[in-house]
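Engineer: my questions are about this predicted structure, shown below with the sequence.
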Amino acid sequence: MRARCPLVVPVLTAQHCAAQLALSREHQSWQIRHWHPVLFTDESRFTLSTCDRHKRVWRRCGERYAACNIIHHERFGGGSVMVWGGICLEGRTDLHMLANGTLAAVKCRYEILRLIVRSYPGAVGPGFLLVQDNARPHVARVCRQFLDDKGIDAIDWPSYSPNLKPIEILWDVMYWCI
């Protein structure tokens, strides 16, 4: 046996599981053409220092201080950057870097919904659907009102279900490639 890092997962309640199952059953008969106009969006934080002490190196005895076996890192983390992006079957949005590394409801409405998402339905065509998670800025009254005013339909996504969103897998791939 070898020491391994444990998998970290959110605590799911019975309501979370029921909501995920309901969403899956509701969309189980969808074909590719139904998913074509769906834009999956999310934001993610990336640390600028890649040393998380989970990287491993293979080395021989006496090679501990060889340059290829040393990982340099900033002593106090080196900062982070938060980005927002969206993907669909036919393409993607540009990554949008969030100033100050936070996303509040008003900033979400102005920087994300108004400047990026509002123009996307015209490019995708009829039947456009927006998928966001249930983060507080996304479900805030100002954001919901903006979507309603602009006629943008959104799929109500259940809480704690990142495994159902393809963009979450993309963030994971990007994280491990940094």
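Structural biologist: Looks like it came in fine.
Engineer: contacts for stretch 147-164 next, please.
Structural biologist: Stretch 147-164 has contacts (CB atoms under 8 Å, 6 or more residues apart in numbering) with 10, 12, 16, 19-20, 22-24, 38, 113, 117-118, 121, 128-134, 165, 168. C-beta here means a position set from N, CA and C on the backbone, and glycine is covered the same way.
Engineer: redo that, cut-off 6 Å
Structural biologist: Applying CB atoms under 6 Å, 6 or more residues apart in numbering, the external contacts of stretch 147-164 come out as 10, 12, 16, 19-20, 23, 118, 129-131, 133-134, 168.
Engineer: out of the residues you listed, which are buried?
Structural biologist: 19-20, 23, 129-131, 133, 168 (16 or more other CB atoms under 10 Å).
Engineer: per-residue pLDDT, the nearest residue to Gly85 once chain neighbours are set aside?
Structural biologist: Nearest non-adjacent residue to Gly85, counting by CB to CB, 6 or more residues apart in numbering: Leu95, 4.8 Å away. You'll see Leu95 listed with a pLDDT of 90.
Engineer: give me the number of neighbouring residues for Leu95.
Structural biologist: 13 (other CB atoms under 10 Å).
Engineer: my guess is it contacts Trp84, does it?
Structural biologist: No - using CB atoms under 6 Å, Leu95 is not in contact with Trp84; the gap is 7.3 Å.
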